[in-house]
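>>> sequence first, predicted model second:
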Amino acid sequence: MLLTRVVAGSLRSVRTYATSTKVQVPLTLFGIDGRYATALFTAAAKKNKLEAVEGEMTRIGGFIEKNPKIQFFLENPTLSRDQKKAGLELLFKEYKYSEVTRNLFELLADNGRLNETTKIISAYRSLMMAQRGEVLVTVTSAVDLKPVQLRQIKESLAKGTLAGNSKLTIQNKVNPTILGGLIIEFGDKTIDLSVAAKVAKLNKLLTDAI
């Protein structure tokens with residue numbers, strides 16, 4: 001957990017986030033992205049900016065998703081730290097971002113970790129969902145599902161015992177290789193109802209029978 005302390009310490013001392021308030025982080029995350037996201041959550045909580053930072057991170061994530069040039073800029077290892085910082089100023093110029101968000105990205109640029117941006121945004125979202133008692137449900141399908149279908153899946157899961165009392169948030173991912181059916185993932189649970197899984201099971205039965 002050394003990196004967590006280093007990141008959090010950097011955010012506190014270098015970026016003037018220090019305060020005596022102790023923050024209870026709702027979820028333990030691992031990896032570089034998880035540690036930076038945890039440090040960001042702690043800093044945002046101390047500034048009473050959790051929701052504001054969430055909105056800013058979502059906006060930045062949207063920019064990255066829609067603009068391959070921004071993603072290339074963040075992930076390009078040949079750019080110097082000064083070039084990365086100059087690029088960040090352009091990114092932040094159009095909207096007014098909080099000190100917490102700006103300081104995070106300056107720290108990522110200093111540490112050569114801007115390539116982790118997308119993962120950090122996702123990890124921060126996980127922390128915010130845990131803070132609200134929400135569970136992200138990923139529904140993988142061969143084609144895009146309609147809103148009514150996603151709502152029906154959410155209602156079915158909410159009525160079952162696996163979800164408990166958690167608030168469910170549904171996201172749809174498309175993977176044509178599953179051929180049909182659904183793969184539902186939430187928490188550490190996976191419900192594989194895909195055609196590909198059924199075909200694999202049938203093939204195994206046929207192979208075992210020979």
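Yes, it's here. Small disclaimer: the values here were computed from a predicted structure and weren't measured. Numbering: from 1, shown residues only.
>>> quick check, distance from stretch 191-207 to the centre of its chain.
Relative to its chain's centre, stretch 191-207 lies at 31 Å (CA atoms, centre = their mean, to the nearest Å).
>>> what's the helix or strand for the nearest residue to Tyr95 once chain neighbours are set aside?
Leaving aside its sequence neighbours, Tyr95 sits nearest to Arg59 (CB to CB, 6 or more residues apart in numbering; 6.9 Å). Glycine gets a C-beta too; all of them are placed from N, C-alpha and C. Here Arg59, judged by DSSP states H and E, is contained in helix 50-66.
>>> the helix or strand that contains Phe73 versus helix 50-66: what angle between them?
Using DSSP H and E, Phe73 sits in helix 68-75. Relative orientation of helix 68-75 versus helix 50-66 (axes from the mean of the first three to the mean of the last three CA atoms, to 10 degrees): 110 degrees.
>>> mean confidence score for helix 68-75?
Average pLDDT, helix 68-75: 86.
>>> put the alpha carbons of that helix into PDB.
Written as PDB, here are the backbone C-alpha positions of helix 68-75 (Å, rounded to 0.1, in the frame of the first residue of the first chain):
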ATOM      1  CA  PRO A  68      -9.300   9.600 -30.200                       C
ATOM      2  CA  LYS A  69      -6.800  12.500 -30.300                       C
ATOM      3  CA  ILE A  70      -7.200  13.200 -26.600                       C
ATOM      4  CA  GLN A  71      -6.700   9.500 -25.800                       C
ATOM      5  CA  PHE A  72      -3.600   9.400 -28.000                       C
ATOM      6  CA  PHE A  73      -2.300  12.500 -26.200                       C
ATOM      7  CA  LEU A  74      -2.900  11.000 -22.800                       C
ATOM      8  CA  GLU A  75      -1.300   7.600 -23.700                       C
END
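>>> who touches that helix?
Phe63, Ile64, Leu79, Lys84, Gly87, Leu91, Leu114, Asn115, Thr117, Thr118 (CB atoms under 8 Å, 6 or more residues apart in numbering).
>>> on the three-state scheme, Lys22 is what?
coil (DSSP: H, G, I helix; E, B strand; the rest coil).
>>> what's the burial count for it?
8 (other CB atoms under 10 Å).
>>> with the one 4 residues further on instead?
Number of residues near Pro26 (other CB under 10 Å) recorded here: 14.
>>> Gln171 too?
Residues near Gln171, counting by other CB under 10 Å: 11.
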